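Peer 1: next come a sequence and a model predicted from it.
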There are 4 protein chains.
Amino acid sequence: MQVRAIIGVIGAGSASPQAEAWAYEIGRLIAERGAVLVCGGLDGVMRAACRGCAEAGGETLGILPGSEAQAANPWVTYPIVTNMGHARNVIIAHTAQALIAVDGEYGTLSEIAVSLKLGRTVAALGAWPGIPGVFYVDSPRAAVDLVFQRLAENEK
Amino acid sequence: MQVRAIIGVIGAGSASPQAEAWAYEIGRLIAERGAVLVCGGLDGVMRAACRGCAEAGGETLGILPGSEAQAANPWVTYPIVTNMGHARNVIIAHTAQALIAVDGEYGTLSEIAVSLKLGRTVAALGAWPGIPGVFYVDSPRAAVDLVFQRLAENEK
Amino acid sequence: MQVRAIIGVIGAGSASPQAEAWAYEIGRLIAERGAVLVCGGLDGVMRAACRGCAEAGGETLGILPGSEAQAANPWVTYPIVTNMGHARNVIIAHTAQALIAVDGEYGTLSEIAVSLKLGRTVAALGAWPGIPGVFYVDSPRAAVDLVFQRLAENEK
Amino acid sequence: MQVRAIIGVIGAGSASPQAEAWAYEIGRLIAERGAVLVCGGLDGVMRAACRGCAEAGGETLGILPGSEAQAANPWVTYPIVTNMGHARNVIIAHTAQALIAVDGEYGTLSEIAVSLKLGRTVAALGAWPGIPGVFYVDSPRAAVDLVFQRLAENEK
């Protein structure tokens, strides 16, 4: 079976219209690349990214913090129910081969840091500035291009 | 989006030919019902069930105990990388709406017990006898029929 | 620093007077042996065991499932707050060098199974019968004697 | 039972002599306040802080990422074995009532972020600059004074 890339999208559960528009576009682009999207499965950036991905024909994995699958946003194809709160962020970092951070607060910062610790490529759009190792980009397309380019280089 | 049922299949990573044949057939029947299969993503019963599901056109979620997606058997559609060892069993129980145990040893017993604790329907085929609350069945078809019948009753 | 043995006590959060009396006595005997008690930190068997241990001058670790340290029973010396629900049972099994099950329901069965999977000695008093590998005993003293005898043998 | 405060100390497993000296002093001061120290239980900042605490007569909780209690540094009084890798950082943040970061890299940044997300007071000495919500201090004593002052205020 040919394995598809899994790309994480991380960001706040309560996001600005700008951040949601970015996340939606990132989701679409991930689907157009034939990749799978993984995220925290809830609202804000997560919901917008899932919607973009699903509307472009892609699949989405929602790694949920609580104990109820119903908490997933309606664009999550596969709800994974962890009941582990913030520890589910670590599962997202392990599951994604590369991640894109959009906006975001402390939860996103934690996710960025764990992802870097695991050696993942992290692109950031409007997220925490000044973190060494993060690739700061200025558009959804630049974010998606960057993570796929880096994945391709790592496979060589 | 119409949500599909997610059915767990649990059993030993090193299984008898009989158990693997049962697991394969259970995987096929889950796919034919249009449901998603979730399991631990490794070998033995997990691998056979994933193969049956995938060969019948279904999707499989593999909740992996280690830190490497490559540890998933080749029939896992979506590898979820937890790096949490046996604690990943609890995630399987939370994620599945009902579970089928095939053969299995201590890990499977732990999984059965957590699933019952969470109120999940558990069917067992050749697995730990004598546990109150488990539905003991004698064929793959009986196992799958039972869990879908119970899910349908719970939705009424 | 001389490392002290850590003994797990597992059982239902809502227990019979008989089970609580057993758990209290087991807690006392663990303290008298100079060992540390680890448990789930809540009520029933856990509370009685912690009380017995603390009243005999011992220390207790409570591995809590929720997000609040205040949920610990008053005899927990050190509350460990996991916010991981039943997955905290796996941490108890990893942390304890040997475990004693008292009475108990599905949660305890899960704990017994994980502990056996990890190769821990498990003594059971009034708990799930018929599990291969469990040492069934008929008194608190027999339970404590057994686990310390087994630990001593393993160190040889 | 009077509950003692539990203070987290976080920082890199491979630390500079300066960072280790700070951590040792922080550990001593935590013990002198009668509080318990919680950390990741390994080397570098964690080891130095545990040593300082233990040599001043205090107790230390080591929340270990792996599956072996023997991985704990020799100054850990109570090794908690999680086998959950970086997810154990979330347990440290939940267990500590306030945290002090010393030096540190991505793992520490992740820990700081989760702690802030949970509303914990975080003091930082030589750690990641510029994170809103962190109290930046310039000495071990200032760090310990700050967290205890904040805990006292929260109890009013």
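Peer 2: Arrived safely, thanks for sending.

Peer 1: which SS class is residue A:54?
Peer 2: helix (DSSP: H, G, I helix; E, B strand; the rest coil).

Peer 1: quick one: residues contacting it.
Peer 2: Residue A:54 sits next to A:27, A:31, A:60, A:75, A:77, B:1 when contact means Cβ atoms under 8 Å, 6 or more residues apart in numbering or on different chains. (Glycine included, C-beta is placed from N, CA and C.)

Peer 1: would you agree the second one falls within a helix?
Peer 2: Yes. Assigned with three-state DSSP, residue A:31 falls within a helix.

Peer 1: what about it, how many neighbours?
Peer 2: By other Cβ atoms under 10 Å in any protein chain shown, the residues close to residue A:31 number 20.

Peer 1: against chain B, how distant is it?
Peer 2: 14 Å (Cβ to the nearest Cβ, to the nearest Å).

Peer 1: now do the buried residues in stretch A:46-66.
Peer 2: Buried residues in stretch A:46-66, counted by 16 or more other Cβ atoms under 10 Å in any protein chain shown: A:46-54, A:56, A:58-66.

Peer 1: hey, C-alpha coordinates of it in PDB?
Peer 2: Output of stretch A:46-66 as PDB, limited to C-alpha atoms (Å, rounded to 0.1, in the frame of the first residue of the first chain):
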ATOM      1  CA  MET A  46      -8.600  23.100  13.300                       C
ATOM      2  CA  ARG A  47     -12.200  23.300  12.000                       C
ATOM      3  CA  ALA A  48     -11.300  25.600   9.100                       C
ATOM      4  CA  ALA A  49      -8.400  23.400   8.000                       C
ATOM      5  CA  CYS A  50     -10.500  20.300   8.200                       C
ATOM      6  CA  ARG A  51     -13.200  22.000   6.100                       C
ATOM      7  CA  GLY A  52     -10.800  23.100   3.500                       C
ATOM      8  CA  CYS A  53      -9.300  19.600   3.300                       C
ATOM      9  CA  ALA A  54     -12.600  17.800   3.200                       C
ATOM     10  CA  GLU A  55     -14.100  20.200   0.600                       C
ATOM     11  CA  ALA A  56     -11.200  19.500  -1.600                       C
ATOM     12  CA  GLY A  57     -11.800  15.700  -1.300                       C
ATOM     13  CA  GLY A  58      -9.200  15.000   1.300                       C
ATOM     14  CA  GLU A  59      -9.300  13.000   4.600                       C
ATOM     15  CA  THR A  60      -8.800  14.400   8.100                       C
ATOM     16  CA  LEU A  61      -7.700  12.800  11.400                       C
ATOM     17  CA  GLY A  62      -8.900  14.600  14.500                       C
ATOM     18  CA  ILE A  63      -6.900  13.700  17.700                       C
ATOM     19  CA  LEU A  64      -9.400  14.700  20.300                       C
ATOM     20  CA  PRO A  65      -8.500  15.700  23.900                       C
ATOM     21  CA  GLY A  66     -11.800  14.600  25.500                       C
END
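
Peer 1: so where do the strands sit in chain A?
Peer 2: Using DSSP state E, the strands of chain A run over A:6-11, A:36-39, A:60-64, A:78-81, A:98-102, A:121-125, A:135-136.

Peer 1: need the ones you listed in TSV (columns: distance to chain D and mean pLDDT).
Peer 2: Listed next are the strands of chain A as TSV, based on distance: least, Cβ to the nearest Cβ, whole Å; pLDDT from 0 to 100:
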stretch	distance to chain D	mean pLDDT
strand A:6-11	12	98
strand A:36-39	16	98
strand A:60-64	12	98
strand A:78-81	15	98
strand A:98-102	12	98
strand A:121-125	10	98
strand A:135-136	15	98
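
Peer 1: what parts of chain A come near chain D?
Peer 2: Residues of chain A found near chain D (Cβ under 8 Å from any Cβ of the partner chain) are A:84-87, A:89-91, A:93, A:105-107, A:109-110, A:113-114, A:116-118, A:130-131, A:133.

Peer 1: out of the residues you listed, which touch chain B?
Peer 2: A:84, A:90-91.

Peer 1: can you tell me which of those end up in helices?
Peer 2: A:90-91 (DSSP state H).

Peer 1: a markdown table please, covering the ones next to chain B among the residues of chain A next to chain D and showing distance to residue D:10, neighbour count and pLDDT.
Peer 2: As requested, those are exported to a markdown table (distance: Cβ to Cβ, whole Å; neighbours: other Cβ atoms under 10 Å in any protein chain shown; pLDDT from 0 to 100):
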| residue | distance to residue D:10 | neighbour count | pLDDT |
| --- | --- | --- | --- |
| A:84 | 20 | 30 | 97 |
| A:90 | 15 | 31 | 97 |
| A:91 | 21 | 26 | 98 |
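
Peer 1: just the ones next to chain B among the residues of chain A next to chain D now: which is nearest residue D:18?
Peer 2: The shortest gap between residue D:18 and any of these belongs to residue A:90, at 29.5 Å (Cβ to Cβ).

Peer 1: was I right to think that closest one contacts residue D:88?
Peer 2: No. Using Cβ atoms under 8 Å, residue A:90 and residue D:88 do not qualify as a contacting pair, with a distance of 9.1 Å.

Peer 1: can you count the residues close to the nearest residue to residue A:103 once chain neighbours are set aside?
Peer 2: Nearest non-adjacent residue to residue A:103, counting by Cβ to Cβ, 6 or more residues apart in numbering or on different chains: residue A:19, 3.7 Å away. Neighbours of residue A:19 under the rule other Cβ under 10 Å: 21.

Peer 1: could you tell me which residues make contact with residue A:19?
Peer 2: Counting by Cβ under 8 Å, 6+ apart, residue A:19 has contacts A:11-12, A:44-45, A:48, A:102-103, A:126.

Peer 1: what's the answer for residue A:15, then?
Peer 2: Counted by Cβ under 8 Å, 6+ apart, residue A:15 has contacts A:23, A:44-45, A:48, A:102-103.

Peer 1: how about those, which pair is most distant?
Peer 2: The largest distance within the contacts of residue A:15, taken as Cβ to Cβ, falls between A:48 and A:103 and amounts to 10.5 Å.

Peer 1: how close does residue A:38 get to residue A:152?
Peer 2: According to Cβ to Cβ, to the nearest Å, residue A:38 and residue A:152 sit 19 Å apart.

Peer 1: which of the two has more neighbours?
Peer 2: Neighbours per residue (other Cβ under 10 Å) separate residue A:38 from residue A:152, with residue A:38 holding more: 32 against 10.

Peer 1: correct me, but that one touches residue A:6?
Peer 2: Yes. At 5.4 Å, residue A:38 counts as touching residue A:6 under the criterion of Cβ under 8 Å.

Peer 1: give the residues shared as contacts by those two.
Peer 2: A:61, A:95-96.

Peer 1: any stretches of chain A with poor pLDDT?
Peer 2: For chain A, the stretches with pLDDT under 70 are A:1-2, A:156.

Peer 1: so what's the residue count around residue A:32?
Peer 2: Residue A:32: 14 neighbours (other Cβ under 10 Å).

Peer 1: ditto for the one 4 residues further on
Peer 2: By the criterion of other Cβ under 10 Å, residue A:36 has 26 neighbours.

Peer 1: how near is the nearest residue to it once chain neighbours are set aside to residue B:77?
Peer 2: Closest residue to residue A:36 apart from its sequence neighbours, by Cβ to Cβ, 6+ apart: residue A:6 at 4.7 Å. Counting by Cβ to Cβ, the separation of residue A:6 from residue B:77 is 11 Å.
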